[in-house]
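Novice: turn this into a structure:
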Amino acid sequence: MKKLAAIFALTLASTSVMASGLNLDVQPAEGGAWVSVTEQGQAVKGAKVTSSKSVDTKVTDESGRVFIYSQDQNSGSVTYVANTDQGQQAEKAAFVAGDRS
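Specialist: Residues are numbered from 1 along each chain as shown. Okay, the predicted model is just below:
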């Protein structure tokens, strides 16, 4: 029950910060998450995305998406940050299940 309450709290606490219309959508998946970056509903190609659970920086494709692998095998909240060459930034936290949860 405590684990379910924690998941619910993290889901409610997930925030999205939009700067100049930049938006992040995070879809947790096994081993990480799919991150989509959009601006005014249009995909943002070339945005650099990092996460609090990975040392790598990935770049979004023409559809504005990228898969970010989690290097932590434990479940928990992961913060994703996207930056564009124009200096825009967006951030969103999401709960990602680990391999050992």
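Novice: only C-alpha atoms from now on, for both contacts and neighbour counts.
Specialist: Noted.
Novice: show me where the protein has its helices.
Specialist: For the chain, applying DSSP state H gives helices covering 2-13.
Novice: looking at it, which helix or strand is least sure?
Specialist: Within the chain, no helix or strand scores below strand 16-17, which has a mean of 40 by mean pLDDT, DSSP states H and E.
Novice: residue closest to the middle of this structure?
Specialist: Tyr80 (3.7 Å; Cα atoms, centre = their mean).
Novice: gap between Glu30 and Thr50?
Specialist: Using Cα to Cα, to the nearest Å, Glu30 is found at 17 Å from Thr50.
Novice: in terms of neighbours, single out the busier of these two.
Specialist: For Glu30 versus Thr50, neighbours defined as other Cα atoms under 10 Å are more numerous around Thr50 (21 against 12).
Novice: name the nearest residue to the more buried one, ignoring sequence neighbours.
Specialist: Using Cα to Cα, 6 or more residues apart in numbering and skipping residues adjacent in sequence, the residue nearest Thr50 is Thr57, 4.9 Å away.
Novice: how much space separates the one you found from Gln42?
Specialist: 22 Å.
Novice: can you get me a residue count around Gln27?
Specialist: Counted by other Cα under 10 Å, the residues lying close to Gln27 total 14.
Novice: that one bridge partners, please.
Specialist: Gln27 has these beta-bridge partners by DSSP bridges: Trp34.
Novice: which residues are in contact with it?
Specialist: Ala33, Trp34, Val35 (Cα atoms under 8 Å, 6 or more residues apart in numbering).
Novice: burial measure for Gln40, as a count.
Specialist: By the criterion of other Cα under 10 Å, Gln40 has 10 neighbours.
Novice: tell me the pLDDT at the residue nearest to it when sequence neighbours are not counted?
Specialist: Of all residues not flanking Gln40 in the chain, Gly21 sits nearest, at 5.6 Å (Cα to Cα, 6+ apart). With respect to pLDDT, Gly21 scores 88.
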